[in-house]
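In: return atomic coordinates for the entry below.
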Amino acid sequence: MFKKSIEFMDSFLEMGVPGCDCIAYLNGKEVFRYMNGYSDLETKTPVKGNEMYNIYSCSKVITCAAALQLFEKGKFELDDELWNYIPEFKDMTVKEADGSIVPAKTKIKIRNLFTMTAGFSYDLHSPGLEEARQKTNGRCPTVETIKYLAKDPLIYHPGDKYQYSLAHDVIAALVEVLAEERFEDYVKKNIFDVLGMEHTSFNRDKFDDSLFASQYHYNTEKQMAVNVGKKIQGYRLGCEYDSGGAGACSTVEDYMRFLEGMRTCKILKPQTLEMMNSPQLTPKQQPTYSGENDVMTYGLGVRTSKDKTKVTEFGWGGAAAASLSIDRQKGLCVFLAKHLLNSPTAGIRHQIRVKLCEDLGI
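Out: Presented below is the predicted three-dimensional model:
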């Protein structure tokens with residue numbers, strides 16, 4: 001059993017992945033766990049299954065879930081304008097293609113943050129963010145830093161298109177404002193503690209480096225993995241910055257607790273979860289979605305299906321080649337962890353879910 005899944009996992013090593021670890025639950029029970037390769041290439045330490053990983057954009061689903069908890073409590077509506085909660089975003093400007101700076105035609109709505117249609121880029125060294133680093137002596141508290149981001153012109157008018165960006169980092173700041181506590185503290189209390197996730201945090205400094213798998217970057221020219229150290233690369237702007245978009249660290253088993261908590265509606269109500277994984281892009285925005293094809297689209301912070309008769313899962317991935325999937329109809333949750341930035345497997349990693357479904361006959 002699981003011949004296709006294991007062969008697929010083993011093929012990652014042939015493509016230059018140092019090591020990986022995958023877990024799958026079906027109807028609340030572990031049905032698959034397979035790890036291969038090394039957690040440290042230099043010392044030839046095998047993957048043991050208890051390693052911590054920087055999960056990068058797999059953080060986004062946690063962040064959006066945290067914000068949607070506050071939505072359920074009536075703290076905001078999706079079509080509320082962001083400036084009502086963070087006033088610095090009231091009078092935004094846009095840098096046009098010719099370089100001119102003009103007033104934004106529309107206000108940023110909270111919905112735009114969830115759907116990556118707010119007008120932001122993923123420039124981690126924009127003038128606003130560089131000023132935040134300087135003025136806070138490198139600490140970059142989350143809300144304060146996001147207020148500096150508001151000084152930068154947007155790169156398109158809010159609502160015009162989908163573009164992957166720092167929008168979910170802004171959501172983390174919004175959660176801080178609404179909950180009146182640090183984002184990391186809110187998520188720990190309302191998600192991590194609830195689910196028993198003792199090895200997950202948006203505060204990377206809580207954990208010793210020895211707990212982490214070594215982290216690599218794939219050098220395309222040399223076709224080899226190069227060790228880049230165990231810290232988050234780039235996305236954590238300062239020691240007090242909780243990056244909602246890329247700042248969490250976790251273990252494979254801990255992250256599965258999150259996926260199961262989502263699947264079983266322990267974290268969000270069924271109707272909220274259904275809204276999260278329903279298509280949210282407008283006909284104008286849909287052609288600009290980076291995963292545009294006949295079936296997939298974007299919901300509230302997750303890829304999802306246009307046609308639930310064809311594909312019933314929703315999920316996302318991370319910069320170091322992790323992949324997550326939740327399929328409530330099939331009762332299946334899958335998490336695949338790697339620690340390889342610029343991975344040559346990035347385009348195929350989500351196929352592990354397909355292989356597992358084939359092996360399970362579901």
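
In: just say helix, strand or coil for Leu324.
Out: Three-state call for Leu324 (DSSP: H, G, I helix; E, B strand; the rest coil): strand.

In: swap that for Met9, sorry
Out: Following three-state DSSP, Met9 is assigned to helix.

In: what's the answer for Ile23, then?
Out: Classification of Ile23 by three-state DSSP places it in strand.

In: so it touches Val334, yeah?
Out: Yes: with contacts counted by C-beta atoms under 8 Å, Ile23 reaches Val334, the gap being 7.4 Å. Bear in mind the C-beta positions are built from the backbone N, C-alpha and C, glycine included.

In: who's more crowded, those two?
Out: Neighbours were counted for Ile23 and for Val334 using other C-beta atoms under 10 Å; Val334 has more, 27 against 22.

In: wasn't the more buried one part of a strand?
Out: Yes: counting by three-state DSSP, Val334 is found in a strand.

In: next one: it from Phe183, what distance?
Out: Counting by C-beta to C-beta, to the nearest Å, the gap from Val334 to Phe183 is 27 Å.

In: one more: Tyr56?
Out: Distance, Tyr56 to Phe183, using C-beta to C-beta: 17 Å.

In: who has more neighbours, those two?
Out: More crowded of Tyr56 and Phe183, by other C-beta under 10 Å: Phe183, with 28 against 25.

In: low-confidence regions, the stretch 151-300 of the chain specifically.
Out: 291-293 (pLDDT under 70).

In: now the strands for it?
Out: Secondary structure of the stretch 151-300 of the chain (DSSP state E, counting those that start in this stretch): strands at 216-219, 224-227, 249-251, 296-298.

In: what's the second one packed up against?
Out: Counting contacts by 3 or more C-beta pairs under 8 Å, 6 or more residues apart in numbering; DSSP states H and E, strand 224-227 is packed against strand 216-219.

In: distance from the strand it packs on to the middle of the chain?
Out: Computed by C-alpha atoms, centre = their mean, to the nearest Å, the separation of strand 216-219 from the middle of its chain amounts to 20 Å.

In: what are the contacting residues of it?
Out: 16, 18, 41, 224-228, 233, 339-344 (C-beta atoms under 8 Å, 6 or more residues apart in numbering).

In: between these, which is nearest Asn203?
Out: Gln233 (16.9 Å; C-beta to C-beta).
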